[in-house]
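Trainee: sequence unknown, structure follows:
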């Protein structure tokens, strides 16, 4: 009997422990950085946030935006001649010399892997001619990506009180960067050899500082696909990383935090929290009929203009999907001809009475305004309403006179 009770209580204790572990895994980890977010890369939705919009100094994570602009404006094999300024820049460097010639790819590797400030400035001068002009491109791109708390004054991240971003904005920038195959290919390299140049017979080496992607590192994370560290004395430590698991891509950013003994394990824990508890769900596929629209006596199918995703808590997916609702704007289309595939209406998608995004709807068939409706439109658009009424009265009176005359004649 004692043995039965002992087994029962041990089993109960084990079940309670597992329940507590499951509950604990549903809670986000503690993050020591002042600003931090976890973002879904497809939708841009924030799964976790801490001072997401606070303006902070990003240090060398700035170089993610530098890479975005450089990849947009150049080709990897373009030749870059090093000017007089880059070799004299402060902070980390790979030791390039004035007059040396490298490719854009060489300098991107030196900037992204080794975090060379000299490479960042050389690329900026190559693209825009000066640091100041390049910063204008960075800020224009930031606005294009939806960054509202960002201002860059240099391509490297050297501290300046007017050089700042937020955890949310930095995630948006990383979200843009990982769309580039060239960026991702470079990010996964453990090191890169810059070849001997026209002035130096010795190669230069650039080593990847993102230890989440270094297999022999104690911080290695098999799902990581990109990342960038940053540090200055005043800005302290920053780190942004992207990871992919089961087809879902998440982005973590941390600004103004402690060293790698904090931000590497905290980033890994935050990413795992996202993958374990949230799932990217497709609500509509491109071309799928979402609803229909009554136009005069016709029924026009309205189709999704693009795939539409949202991020849902894994425990709420079934109930959320059963509650999805599409509400489209009220628009009078009865007076307009349109073709199949033409964008007609914008709609709002709700899940559990919560707005999750906007979806453009296109026509599933062509439509022509009926002839009588066309005549009505012409009259009402060509003449004021009172004129139309007077004409109608006059015509009615003429018809009356004609009928009366015809009747009198018969008599």
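Mentor: Thanks, I have it. All figures in this text were calculated on a predicted structure; none of them were measured in a lab.
Trainee: What is the burial count for residue 195?
Mentor: Using other CB atoms under 10 Å, residue 195 has 11 other residues around it. Every residue, glycine included, has its C-beta placed from N, CA and C.
Trainee: show me the contacts for it.
Mentor: Applying CB atoms under 8 Å, 6 or more residues apart in numbering, we find residue 195 in contact with 106, 203.
Trainee: same question, residue 236
Mentor: Residues in contact with residue 236 (CB under 8 Å, 6+ apart) are 59, 256, 257, 258.
Trainee: surely residue 221 meets residue 243?
Mentor: Yes. The criterion here is CB atoms under 8 Å, and residue 221 meets it with residue 243 at 6.7 Å.
Trainee: Between these two, which has more neighbouring residues?
Mentor: Higher neighbour count among residue 221 and residue 243: residue 243, with 26 against 21, using other CB under 10 Å.
Trainee: chain center to stretch 213-220: distance?
Mentor: Mean-position distance between stretch 213-220 and its chain equals 27 Å (CA atoms, centre = their mean, to the nearest Å).
Trainee: now for that stretch, what's the gap between its first and last residues?
Mentor: Terminal residues of stretch 213-220 are spaced 6 Å apart (CA to CA, to the nearest Å).
Trainee: confidence score at the most centrally placed residue in the chain?
Mentor: Geometric centre of the chain, nearest residue: residue 44, 4.6 Å, by CA atoms, centre = their mean. Per-residue pLDDT puts residue 44 at 95.
Trainee: Please apply the same query to residue 195.
Mentor: Reported pLDDT at residue 195 in the predicted model: 95.
Trainee: Cross the contacts of residue 236 against strands and list the overlap.
Mentor: 256, 257 (DSSP state E).
Trainee: got TSV for the contacts of residue 236, with pLDDT, neighbour count and distance to residue 329 too?
Mentor: Shown next, in TSV, are those (pLDDT from 0 to 100; neighbours: other CB atoms under 10 Å; distance: CB to CB, whole Å):
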residue	pLDDT	neighbour count	distance to residue 329
59	97	28	44
256	96	21	42
257	94	21	44
258	90	13	48
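Trainee: farthest pair in the contacts of residue 236?
Mentor: Spatial extent of the contacts of residue 236 (CB to CB) is set by the pair 59 and 258 at 13.4 Å.
Trainee: Spell out which residues are contacts of both of the two.
Mentor: By CB under 8 Å, 6+ apart, the residues touching both residue 59 and residue 258 are 236, 237.
Trainee: Which neighbours do residue 221 and residue 243 have in common?
Mentor: Joint contacts of residue 221 and residue 243 (CB under 8 Å, 6+ apart) are 212, 271.
Trainee: Confirm that residue 290 lies within a strand, as I assumed.
Mentor: Yes. Under DSSP: H, G, I helix; E, B strand; the rest coil, residue 290 falls within a strand.
Trainee: Verify the stated contact: it with residue 360.
Mentor: No. Residue 290 lies out of contact with residue 360 (CB under 8 Å); the separation is 10.3 Å.
Trainee: Looking at the two, which one has more neighbours?
Mentor: The residue with more neighbours, out of residue 290 and residue 360, is residue 290; 21 against 16, by other CB under 10 Å.
Trainee: mind listing what that one touches?
Mentor: Counting by CB under 8 Å, 6+ apart, residue 290 has contacts 284, 302, 303, 304, 326, 347, 359, 361.
Trainee: Which of those residues sits closest to residue 108?
Mentor: Nearest to residue 108 among those: residue 359, at 36.4 Å, using CB to CB.
Trainee: State the helix or strand in which the closest one lies.
Mentor: For residue 359, the element it lies in under DSSP states H and E is strand 354-363.
Trainee: Am I right that residue 301 is in contact with residue 364?
Mentor: Yes. In terms of CB under 8 Å, residue 301 counts as a neighbour of residue 364; the distance is 3.2 Å.
Trainee: Mutual contacts of these two, please.
Mentor: Counting by CB under 8 Å, 6+ apart, the contacts common to residue 301 and residue 364 are residue 289.
Trainee: Mind checking which of these two has more residues around it?
Mentor: Between residue 301 and residue 364, counted using other CB under 10 Å, residue 364 has the larger neighbour count: 18 against 15.
Trainee: Can you read off the backbone torsions of the more buried one?
Mentor: phi -90, psi 0 (degrees, to the nearest 10).
Trainee: coming back round to it: which neighbours do residue 290 and residue 360 share?
Mentor: The contact lists of residue 290 and residue 360 share residue 347, where a contact means CB under 8 Å, 6+ apart.
Trainee: Between the two ends of stretch 106-122, what distance do you get?
Mentor: Terminal-residue distance, stretch 106-122 (CA to CA): 11 Å.
Trainee: Same check on stretch 333-349?
Mentor: 21 Å.
Trainee: List the residues that contact the residue nearest to residue 92 when sequence neighbours are not counted.
Mentor: Leaving aside its chain neighbours, residue 92 sits nearest to residue 115 (5.0 Å; criterion: CB to CB, 6 or more residues apart in numbering). By CB under 8 Å, 6+ apart, the residues touching residue 115 are 60, 63, 92, 209, 228, 229, 230.
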